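Chemist: Coordinates for the following, if possible.
(2 chains)
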Amino acid sequence: NAGVTQTPKFRILKIGQSMTLQCTQDMNHNYMYWYRQDPGMGLKLIYYSVGAGITDKGEVPNGYNVSRSTTEDFPLRLELAAPSQTSVYFCASSSQGGTEAFFGQGTRLTVV
Amino acid sequence: RKEVEQDPGPFNVPEGATVAFNCTYSNSASQSFFWYRQDCRKEPKLLMSVYSSGNEDGRFTAQLNRASQYISLLIRDSKLSDSATYLCVGLNYGGSQGNLIFGKGTKLSVKP
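Modeler: All right, here's what the predicted structure looks like:
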């Protein structure tokens, strides 16, 4: 059971570099989410999607972009990395909004 | 005021103790609530949903008090393996879609 798979697990970026965090799920879930978690803080929603071709901003979308071309994949793009984006990023999916969300193992990103 | 607030702890308890966590929410329109468990450096996982009538799962009991806008989690007969951070989660209907709002979490440490 793969569930939600995120890659990479760890990454160090230099300021101004760009990268894409990959997320894929094999549960045929319509809803997918990207959260970031800073030390001692709760998860903050960056972007979410309710189906292929549909995305919407969450609480902290600035500096990020997403796309949802297929049901399975929901990549998160950082265009110009900044130290404030140092965080742990979690991708999650659920069959419907407000039902159990399944999380990937997270990506630990450090921007130096 | 944050939408979902929790006492961050840490709660340090001996094995076998009973421990209770409370969580308050500000959005009176929130319909659904959950407790998630997050182990150190791991992804959050659903512990239990919280229903209006309250629900119990083994040693865990969750209750919802809509009048006072708080949710509680009671853990009886604590085990060492219960050591983790417990996240209170509310469902916020933003626009036409739902998304999950996470509290910062309450850290529990169960000692021998």
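Chemist: Show the pLDDT at B:Gly90.
Modeler: Per-residue pLDDT puts B:Gly90 at 86.
Chemist: wouldn't it be in contact with B:Tyr25 here?
Modeler: Yes - in this structure B:Gly90 lies within contact range of B:Tyr25 using CB atoms under 8 Å: 4.9 Å. No exception for glycine: its C-beta is placed from N, CA and C like everyone else's.
Chemist: Residues that sit against both of the two, list them.
Modeler: B:Glu3, B:Val4, B:Phe33 (CB atoms under 8 Å, 6 or more residues apart in numbering or on different chains).
Chemist: Tabulate those (CSV), appending neighbour count and distance to A:Glu72.
Modeler: Output for the shared contacts of B:Gly90 and B:Tyr25, formatted as CSV (neighbours: other CB atoms under 10 Å in any protein chain shown; distance: CB to CB, whole Å):
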residue, neighbour count, distance to A:Glu72
B:Glu3, 16, 30
B:Val4, 23, 30
B:Phe33, 24, 29
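Chemist: helix or strand for the residue positioned nearest the centre of chain A, which one?
Modeler: Centroid-nearest residue in chain A: A:Trp34, 3.1 Å away (criterion: CA atoms, centre = their mean). Assignment of secondary structure by DSSP states H and E places A:Trp34 within strand A:31-37.
Chemist: how deep is A:Leu24 tucked in, by neighbour count?
Modeler: For residue A:24 the amino acid is Thr, not Leu. Using other CB atoms under 10 Å in any protein chain shown, A:Thr24 has 20 neighbouring residues.
Chemist: Just to check, it is in contact with A:Thr5?
Modeler: Yes - contact status for A:Thr24 versus A:Thr5: in contact at 5.3 Å, counting by CB under 8 Å.
Chemist: which residues does the residue nearest to the centre of chain A bridge with?
Modeler: Beta-bridge partners of A:Trp34, counted by DSSP bridges, are A:Tyr47, A:Cys91.
Chemist: Please tell me how far it sits from A:Met27.
Modeler: Distance of A:Trp34 to A:Met27, given as CB to CB, to the nearest Å: 17 Å.
Chemist: nearest to chain A, of the shared contacts of B:Gly90 and B:Tyr25?
Modeler: B:Val4 (7.6 Å; CB to the nearest CB).
Chemist: How about the contacts made by the closest one?
Modeler: Contacts of B:Val4 (CB under 8 Å, 6+ apart): A:Gly42, B:Cys23, B:Thr24, B:Tyr25, B:Ser26, B:Cys88, B:Val89, B:Gly90, B:Ile101, B:Phe102, B:Gly103.
Chemist: what's the nearest residue to the second one if we skip its chain neighbours?
Modeler: In this case it means B:Cys23. Leaving aside its sequence neighbours, B:Cys23 sits nearest to B:Cys88 (CB to CB, 6 or more residues apart in numbering or on different chains; 3.3 Å).
Chemist: contact partners of the helix or strand where that neighbour lies?
Modeler: B:Cys88 belongs to strand B:84-94 when assigned by DSSP H and E. Residues outside strand B:84-94 that contact it (CB under 8 Å, 6+ apart): A:42-43, A:97-98, B:3-4, B:6, B:21, B:23, B:25, B:27, B:29-40, B:44, B:47, B:71, B:73, B:98-108.
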